[in-house]
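**Student:** no sequence on this one, just coordinates:
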């Protein structure tokens, strides 16, 4: 019975195994990014970047038709351009990060919509470019795995400046100049993970799998390492449980994964060990020496 | 009588050709064949675009305002159109091309893809002929002649499709296609179509839906899966990889291609589809 519900779908169908591999790879790359986004109060940046990617995909489509590679490359370039321009403006002027990003992504989105309608066809670009977790072919799976690897390696390299900058940017500015470059590299990582997530899961799931696990982790750990571990684990668990849910109940897979993550988040808000509501109402006895 | 008709027609002739708007490319092709050089046809949803999820730009309202006739498929296909006609404020008459044929039901709604049956396409053509003749009586004779010629071509096409299907062994007459648009084709020609998506291209399949399809292909030994010219082909690729079914070519369902494509006209589209089906299903 338990075997039939939880394991049989994966042993019986290859597409389920591939979907599981993809969500785990996405969890490894996306969840740590989500944690840093949250710590830097940039949680909504993921959504904004998702829109910024459209014009690049549209240009790729204009140049070479429905070619996934061209559209992905275009999306990456547009995402990088917006991320880096917004980062540079925020660093060099008084405008705050969120405001400068908002202006760039809105301009980019408008440009994208214009380009799409110039072409005069109305295939939903984001739909075509950004697939379905159940449809992982070799190329997409490889892309997701490579992105996760790059993300983890690069995060390891910029980990120290990134952490320091997240908690005390002024201190970092006094002791090192690594803050600016680290920030730009981080923005690039966001774009890579979004494009990789889109390829596999569509816009909804890609951003959701980044941000929700970070929100969950916040209620269970105080230090960044712990948060990252919990975020990755809860993203992977949501992915697995969402796939099983979709298999057993006919809920579309993408939303199913996010719904499971949302349920975990609500449980964490209520019962989380760090700042959860129940915990606040009934604080344990103070430890006495 | 004749003189009366001629005088009636004079203002129209002075304006030149009859302006007709067709909602999507296949209807546009029908109108072009019946109207010949006496009508000006514009199609709102162009080649390769999906008529189900179309959002009309302002030019469309202008085109409709300029038109004498607006030819639509009906059967709930163009949900966005009535509002557009109203807001365009033109005096265009709406012609429902599928009038008078018996629609297939899917759940409580009619299946709109009737043109996939050549016999029903003939109903479309007859309706378009009558509407054009009504709007421009002076050219009615020409429209009738064009339509008769085109209907004869469609009869030949119908016979051609039936002959091609007859060559496929009957236990192999079933395929998987991403778009559930071939209900009428299936009914008339006896090839079974099984679709991973619902009646519209908008819904996303769940893991269970996909598992059911894979199970069914394996159980019933369905020989081929077909891609379509607009939805995610990775999904179908996955199904094929998992079952060993053959990936057939593209089947065109809701849209013609542009001039350079494989299906620039309705007749070319049906021929292309039947060729793709037979080459995948014949042993």
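**Tutor:** Great, that's in hand. From a predicted model like this one, the values you see are computed outputs, not experimental measurements. Residues are numbered from 1 along each chain as shown, chains lettered A, B, ... in the order given.

**Student:** which SS state does the residue in the stretch 51-200 of chain A positioned nearest to chain B fall under?
**Tutor:** Closest to chain B within the stretch 51-200 of chain A is residue A:135: 3.9 Å, counting by Cβ to the nearest Cβ. Glycine gets a C-beta too; all of them are placed from N, C-alpha and C. Of the three states, residue A:135 takes coil under DSSP: H, G, I helix; E, B strand; the rest coil.

**Student:** Report the separation between residue B:109 and residue A:222.
**Tutor:** 55 Å (Cβ to Cβ, to the nearest Å).

**Student:** Least confident secondary structure element in chain A?
**Tutor:** helix A:125-129 (a mean of 54; mean pLDDT, DSSP states H and E).

**Student:** Are whichever helix or strand comes after it and chain B in contact anywhere?
**Tutor:** Going down the chain from helix A:125-129, the next helix or strand is helix A:138-167, by DSSP states H and E. Yes. Residues of helix A:138-167 contacting chain B under Cβ under 8 Å from any Cβ of the partner chain: residue A:140.

**Student:** quick one: average pLDDT of the host helix or strand of residue B:240?
**Tutor:** Assigned by DSSP H and E, residue B:240 belongs to helix B:233-243. The pLDDT scores in helix B:233-243 average 79.

**Student:** can you pull the contacts of the residue most central in space within chain A?
**Tutor:** Nearest to the mean C-alpha position of chain A, by Cα atoms, centre = their mean, lies residue A:210 at 3.2 Å. When contacts are counted by Cβ atoms under 8 Å, 6 or more residues apart in numbering or on different chains, residue A:210 touches A:30, A:31, A:33, A:34, A:37, A:46, A:193, A:194, A:197.

**Student:** Show me the one in those that has more neighbours than the rest.
**Tutor:** Looking at these with neighbours defined as other Cβ atoms under 10 Å in any protein chain shown, the largest count falls to residue A:30 at 37 neighbours.

**Student:** report the longest helix in the chain, please.
**Tutor:** In the absence of a named chain, chain A is used. helix A:179-218 (DSSP state H).

**Student:** try again with chain B
**Tutor:** helix B:140-166.

**Student:** tell me which residues in that helix are buried?
**Tutor:** For helix B:140-166, a neighbour-count test (16 or more other Cβ atoms under 10 Å in any protein chain shown) marks B:140, B:142-143, B:146-147, B:150-151, B:154, B:157-158, B:161, B:164-165 as buried.

**Student:** same thing with stretch B:118-137?
**Tutor:** B:118, B:120-133, B:135-137.

**Student:** What average pLDDT does it get?
**Tutor:** Per-residue pLDDT values across stretch B:118-137 average out to 94.

**Student:** In chain B, what residue spans correspond to helices?
**Tutor:** Taking DSSP H as the criterion, chain B carries its helices at B:2-15, B:25-35, B:58-66, B:81-88, B:118-135, B:140-166, B:183-189, B:207-220, B:233-243, B:266-281.

**Student:** What are the contacting residues of the fifth one?
**Tutor:** Helix B:118-135 is touched from outside by B:18, B:20, B:27, B:30-31, B:33-35, B:39, B:68-69, B:71, B:93, B:95-101, B:114-115, B:139-140, B:143-144, B:146-147, B:150-151, B:154-155, B:157-158, B:161, B:184, B:188, B:266, B:270, with contacts defined as Cβ under 8 Å, 6+ apart.

**Student:** near chain A too, which of these?
**Tutor:** Within those, nothing lies near chain A by Cβ under 8 Å from any Cβ.

**Student:** returning to that earlier point: which one of the helices of chain B lies nearest to residue B:252?
**Tutor:** helix B:266-281 (4.8 Å; Cβ to Cβ).

**Student:** Can you mark which positions in that closest one are buried?
**Tutor:** Quick answer for helix B:266-281 (16+ other Cβ under 10 Å): B:266-274, B:276-278, B:280-281.

**Student:** Now flag whichever of these is closest to residue A:273.
**Tutor:** Comparing every one of the buried residues of helix B:266-281 with residue A:273 (Cβ to Cβ), the shortest separation belongs to residue B:280, at 58.2 Å.

**Student:** Could you list the low-confidence segments of the stretch 51-200 of chain B?
**Tutor:** B:178-179, B:195-200 (pLDDT under 70).

**Student:** give the contact list for whichever residue of it sits closest to chain A.
**Tutor:** Using Cβ to the nearest Cβ, the closest approach of the stretch 51-200 of chain B to chain A is made by residue B:54 at 5.7 Å. By Cβ under 8 Å, 6+ apart, residue B:54 lies in contact with A:122, B:44, B:45, B:78, B:80.
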